[in-house]
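Enquirer: Model the structure of this input:
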Amino acid sequence: MITARATQDLSRFSLDLAGLRVRHAAVDGSEARFSRWEKKLTLTPARPIGKGETFKTTVRYGGTPRVFTAGDGGEEGWIETDDGVAALGEPTGSMTWFPGNHHPSDKATYDIDVTVPSDYTAVSNGTLRETRQRGKRTTFRWHNPEPMASYVASVVTGVFDISTSTTDDGLPLYTAVDPDEADGPVDVPDLVPEVIEWATDRFGPYPFSSAGAVVDHLPDLGYALETQTKPYFQEAPDTTLVVHELAHQWFGNSVTPRAWQDMWLNEGFATYAEWLWDEEHGHRTAQETFDSFYDGTHEESEGIWDFPAADPPTATRVSDAPVYGRGAMTLHQLREAVGDRTFFGILRAWTREHRHGNADTEQFIALCEKKSGRDLSDLFETWLFSAEKPDVD
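Expert: Below is the predicted model:
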């Protein structure tokens, strides 16, 4: 069921849904006509919906969800694992398992119930409110009370070792680790609260009412994902990857880009969090990491000059190297220009002022100029918008 508020008068409306068979649709309890065209499900309610009116839509559907293959060859959507499934949604995979408006600007709270055989666990976003066993099946009821973009919604099922605890501040933690990945490079249940405490000191209060992680056994997937409250790792992660995906809880999940073109506000910030962690834990300084990206010696620097970080040429390239590397380099140049006190004040103001909302690049630049009292247009033009590799002193 979807509860929504109309922002204009509606005689009909559409939802994104890929595959699956729709059997019935209703709006406010009355049957609605529906039609399908490619990935769009169009519903016509029994009566028009007025602007500002809140309404409830129920869609009954079924079938076998499918996998999407992205332009870069990566898989998303409903992905089979060795003992279950991982539903991953960035950027469009969520429409393979539930209908909605699958755009980052349209966030919602979620309740997700999943029924699995009783020797399996079903993990989703938010807090586990109830487990209910009936015969040989168990239903897991998950509640996510804070707004969430659909691309970071997730369901993962399988056989897991479960760790539950709380942080020193009382934040509930739920970590699921596939037994095949138990001997990884770090102890994920112990590392998660450590990273959250570190990030809270630098970026502001943790934005959600629960936290954790899922470590699955799907090594051929090739990527991890910042699924809200519980980042998804396809195999046992190292510290850097845990830092990156947890930083997304602030940058991307709480403060979500208004459009995909603003993805550097997610990936550049999470990448720079890696640089900060290294700097503060006795590894390379952020300047040294910046230099290795600039001169091309860093293992992740290939392709960072292909296009401006804030202007991906197509929607299929919003996760390419410039969005990560040049995005982080822009933040380092900003830090060098305004100083640490102002820089971290900007980050905390950003996460506070746009908490659980959407924001774009222009708003970030405006905040930087307001907090620093400086015209920073040349800096952002050089490092964020220019197609050329900048000169450095």
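Enquirer: Under the pLDDT cut-off, which ranges of this protein? List them.
Expert: Flagging of the chain using pLDDT under 70 yields the residue ranges 72.
Enquirer: In it, which strand is the longest?
Expert: strand 137-148 (DSSP state E).
Enquirer: what are the pairing partners of the helix or strand just after that strand, and which direction each?
Expert: Next helix or strand after strand 137-148 toward the C-terminus (DSSP states H and E): strand 155-158. Strand 155-158 pairs in its sheet with strand 85-88 (antiparallel), strand 121-124 (antiparallel), by DSSP bridges.
Enquirer: where along the stretch 151-300 of the chain do the helices fall?
Expert: Counting by DSSP state H, counting those that start in this stretch, the stretch 151-300 of the chain has helices at residues 188-203, 239-247, 264-280, 286-294.
Enquirer: picking up where we left off before, and the longest strand of the chain, how far from the chain's centre?
Expert: 17 Å (CA atoms, centre = their mean, to the nearest Å).
Enquirer: Ok, stretch 118-133 next?
Expert: Distance, centroid of stretch 118-133 to centroid of chain: 21 Å (CA atoms, centre = their mean).
Enquirer: Report the buried residues of that stretch.
Expert: For stretch 118-133, burial by neighbour count (16 or more other CB atoms under 10 Å) applies to 120-128. In this view, the C-beta of every residue, glycine as well, is placed from N, C-alpha and C.
Enquirer: do stretch 14-33 as well
Expert: For stretch 14-33, burial by neighbour count (16+ other CB under 10 Å) applies to 15-20, 22, 25-27, 32.
Enquirer: quick one: which of those residues is nearest Gly52?
Expert: For the buried residues of stretch 14-33, the minimum distance to Gly52 (CB to CB) is 15.8 Å, reached by Val27.
Enquirer: ok, the closest one - contacts?
Expert: Contacts for Val27 (CB atoms under 8 Å, 6 or more residues apart in numbering) come out as 43, 45-46, 49, 55-58.
Enquirer: May I see these arranged in JSON lines, with neighbour count as well?
Expert: As requested, these are arranged in JSON lines below (neighbours: other CB atoms under 10 Å):
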{"residue": "Leu43", "neighbour count": "20"}
{"residue": "Pro45", "neighbour count": "20"}
{"residue": "Ala46", "neighbour count": "12"}
{"residue": "Ile49", "neighbour count": "21"}
{"residue": "Phe55", "neighbour count": "16"}
{"residue": "Lys56", "neighbour count": "12"}
{"residue": "Thr57", "neighbour count": "20"}
{"residue": "Thr58", "neighbour count": "14"}
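Enquirer: In those, find the pair that's most separated.
Expert: Greatest spatial distance among the contacts of Val27 (CB to CB): Ile49 and Thr58, at 14.6 Å.
Enquirer: Domain map for this structure?
Expert: The chain breaks down into these domains under automatic domain parsing: 1-63, 64-243, 256-385.
Enquirer: Those domains into CSV, with extra columns for distance to Gln249?
Expert: Listed next are the domains of the chain as CSV, based on distance: least, CB to CB, whole Å:
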stretch, distance to Gln249
domain 1-63, 25
domain 64-243, 6
domain 256-385, 10
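Enquirer: quick one: which of these is nearest Asp391?
Expert: Going by CB to CB, the one of the domains of the chain nearest Asp391 is domain 256-385, 8.9 Å.
Enquirer: Report the distance from the closest one to the chain centre.
Expert: On CA atoms, centre = their mean, the centre of domain 256-385 falls 17 Å from the chain's centre.
Enquirer: ditto for stretch 171-180
Expert: 18 Å.
Enquirer: who's in contact with it?
Expert: 82-83, 121, 123, 127-128, 156, 158-167, 188-189, 192-193, 196, 206, 209-217, 230.
Enquirer: go on, stretch 102-118?
Expert: Here stretch 102-118 makes contact (CB under 8 Å, 6+ apart) with 2, 16, 84, 89, 92, 94-95, 100, 122, 124-126, 133, 136-151, 153, 155, 157, 256-260, 356-358.
Enquirer: follow-up on the earlier one: show me which positions of the longest strand of the chain end up buried.
Expert: 138, 140-144, 146-148.
Enquirer: from those, which is closest to Ser377?
Expert: Nearest to Ser377 among the buried residues of strand 137-148, counting by CB to CB, is Pro147 at 31.7 Å.
Enquirer: Looks like that closest one contacts His356 (just checking).
Expert: Yes - using CB atoms under 8 Å, Pro147 makes contact with His356 at a distance of 4.7 Å.
Enquirer: sorry, back to before: so which of the helices of the stretch 151-300 of the chain gets nearest Val323?
Expert: That would be helix 264-280 among these, by CB to CB, at 4.9 Å.
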